[in-house]
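A.B. asks: show me how the following folds:
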Amino acid sequence: MIGYGTVGRGVAGLLHEHAELYTQRTGHQVQLGRVLVRDVAKARVAAAQAGDPEAATRFTDDPAEFAAAPAQVVIEVAGGLDPVDGWIRQALQAQRHVVTANKALLAARGPELFALARTHGVSLAFEASCGGGIPCVTALTAGLMGNRITGLYGILNGTCNYILTEMTQRGKSYAQALAEAKDKGYAEADETLDVSGADAGQKLAVLASLAYGVNITGDQVPCWGIDTLEQMDVAFGAELGYDVKLIASAERWPGHEPVGLSVAPCFIPRDQPLAQIHGSLNALAVEGDAVGPTLFVGAGAGQGPTASAVVGDLLNIVTGSYPAHFAGMRLTPDLHPPAEHVAEADLEGRWYLRLSAQDQPGVMAQITDALGSRGISVSALLQHPPRDGETAVPVVVTTHRATRGNVQAAADAIAGLDVITGPPVVLRIL
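C.D. replies: Coordinates of the predicted model:
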């Protein structure tokens, strides 16, 4: 195993605690061999704290010693791109199966690694890379294989979901919710990867590649984070019957080959299942042409859920079921050309616009004219009286189905009106 952090300790714990159970289930003894770490002394202290009595004989910081140790499977739970990428390639070239939880590596270099595994007759398993303990990958590559997938809509980052839950359910500001997420260990000291949407974008690239049988990399997913979301919009959304979630979406409309990709805060009607996923939970909604809507919910990160997915992949390799599945599966991105993408401006949906307008006659006519001249139909309007000491009032407009490009063009035109103060806020409504 490469890495002995939180997830690595969880994997080692499961293999030790359930050794007899795993033998019963697979017909094989599954034993943890060498563990490659950066700091052996630090790893031994962590192992002692975790109650792992065999740790002292397993750790090494020498990649050559690790590569020479006997093993049929290499588990990678260290994360990052380099030098992990090289160690995984070395394992595959040595005809060792690999289990990884590394969504960043798969989103950036997945096609090369999948192809390398096929070349050397082994498999690359990656259930833990997306959604923690939720079997998202298995669902897309096995259970839902009989469907043409039309949409993926995921809450794929527990940190963001926790922050948004605190904002929507308890009225906290973004700054307050973020500070609390850090105190509880949901957010890293540098929260950028989570709150920018980049983490969810990496996971979406992996899942969308499988869902549509195409080649998508993480840098091709447009991302808008939650770090600029204002409590005012959360409140207005609630008044209109919506909750707000960071949604990673991949859509392929019937009759069209291009895939529409996006990670962004979106409003969702409160009666929809995705709107009811709170706290640090993750969820993936998958729409298939035959099955209709499905929803997978669970813990998207953490020691136990992620270790569960890693060990599940390991046991499926031990039984031989996953290598056979991997060899016959034609969905991985190494077997397909780069996906055609829906341009950001052509992404279709309903939209929420918040404007700050002067409270005077004729303002609404100018706003609706800017929308109507671009073929945008208004669904609802919400306006509140000006606050004490202010002359501008917040005006919220929701639209019927339109493209992002047309809505943004209308928003830009509205921003140029003399009666408008500041830039409009534009959010998607699912």
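
A.B. asks: kindly check the end-to-end length of stretch 119-132 for me.
C.D. replies: 28 Å (Cα to Cα, to the nearest Å).

A.B. asks: actually stretch 339-357, not the one I typed
C.D. replies: End-to-end distance of stretch 339-357 (Cα to Cα): 42 Å.

A.B. asks: give the buried residues for it.
C.D. replies: 339, 341-342, 347-357 (16 or more other Cβ atoms under 10 Å). C-beta here means a position set from N, CA and C on the backbone, and glycine is covered the same way.

A.B. asks: try stretch 221-236
C.D. replies: Here stretch 221-236 shows 221-227, 229, 231, 233-234, 236 as buried, counting by 16+ other Cβ under 10 Å.

A.B. asks: kindly indicate which of the residues you listed lies nearest Tyr186.
C.D. replies: Ranked by distance to Tyr186 (Cβ to Cβ), the buried residues of stretch 221-236 are led by Ile226 at 13.3 Å.

A.B. asks: doesn't Leu178 make contact with the closest one?
C.D. replies: No: applying Cβ atoms under 8 Å, one finds Ile226 not in contact with Leu178, separated by 9.2 Å.

A.B. asks: list residues touching both of the two?
C.D. replies: Common neighbours of Ile226 and Leu178 (criterion: Cβ atoms under 8 Å, 6 or more residues apart in numbering): 163, 195.

A.B. asks: just the ones of the buried residues of stretch 221-236 in strands?
C.D. replies: Counted as lying in strands by DSSP state E, out of these, is not a single one.

A.B. asks: which residue ranges of the stretch 201-350 of the chain form strands?
C.D. replies: 242-251, 260-269, 281-288, 292-299, 348-358 (DSSP state E, counting those that start in this stretch).

A.B. asks: return the residue of the protein that is most distant from the centre.
C.D. replies: Pro361 (45.3 Å; Cα atoms, centre = their mean).

A.B. asks: from what I see, Val77 and Arg9 are in contact.
C.D. replies: No: contact between Val77 and Arg9 fails when scored by Cβ under 8 Å: they sit 9.3 Å apart.

A.B. asks: who has more neighbours, the two?
C.D. replies: Val77 (26 against 22; other Cβ atoms under 10 Å).

A.B. asks: torsion angles phi and psi at that one?
C.D. replies: Torsion angles at Val77 (phi, psi; degrees, to the nearest 10) stand at phi -130, psi 30.

A.B. asks: go on, Gly213?
C.D. replies: Dihedral pair for Gly213: phi 60, psi 50, per degrees, to the nearest 10.

A.B. asks: contacting residues around it?
C.D. replies: Listed by Cβ under 8 Å, 6+ apart, the contact partners of Gly213 are 330-331, 335-336.

A.B. asks: ok, now Val84?
C.D. replies: 2, 76, 78, 102, 105 are the contacts of Val84 under Cβ under 8 Å, 6+ apart.

A.B. asks: how does the protein divide into domains?
C.D. replies: Following automatic domain parsing, the chain resolves into domains at 6-134+305-335, 145-299, 346-429.

A.B. asks: mean pLDDT for those - can I get that in JSON lines?
C.D. replies: Shown next, in JSON lines, are these (pLDDT from 0 to 100):
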{"stretch": "domain 6-134+305-335", "mean pLDDT": "95"}
{"stretch": "domain 145-299", "mean pLDDT": "93"}
{"stretch": "domain 346-429", "mean pLDDT": "91"}
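
A.B. asks: sec struct for the residue farthest from the centre of the chain, please.
C.D. replies: Following DSSP: H, G, I helix; E, B strand; the rest coil, the label given to Pro361 is coil.

A.B. asks: and the gap between it and Val419?
C.D. replies: Distance from Pro361 to Val419, counting by Cβ to Cβ, to the nearest Å: 10 Å.
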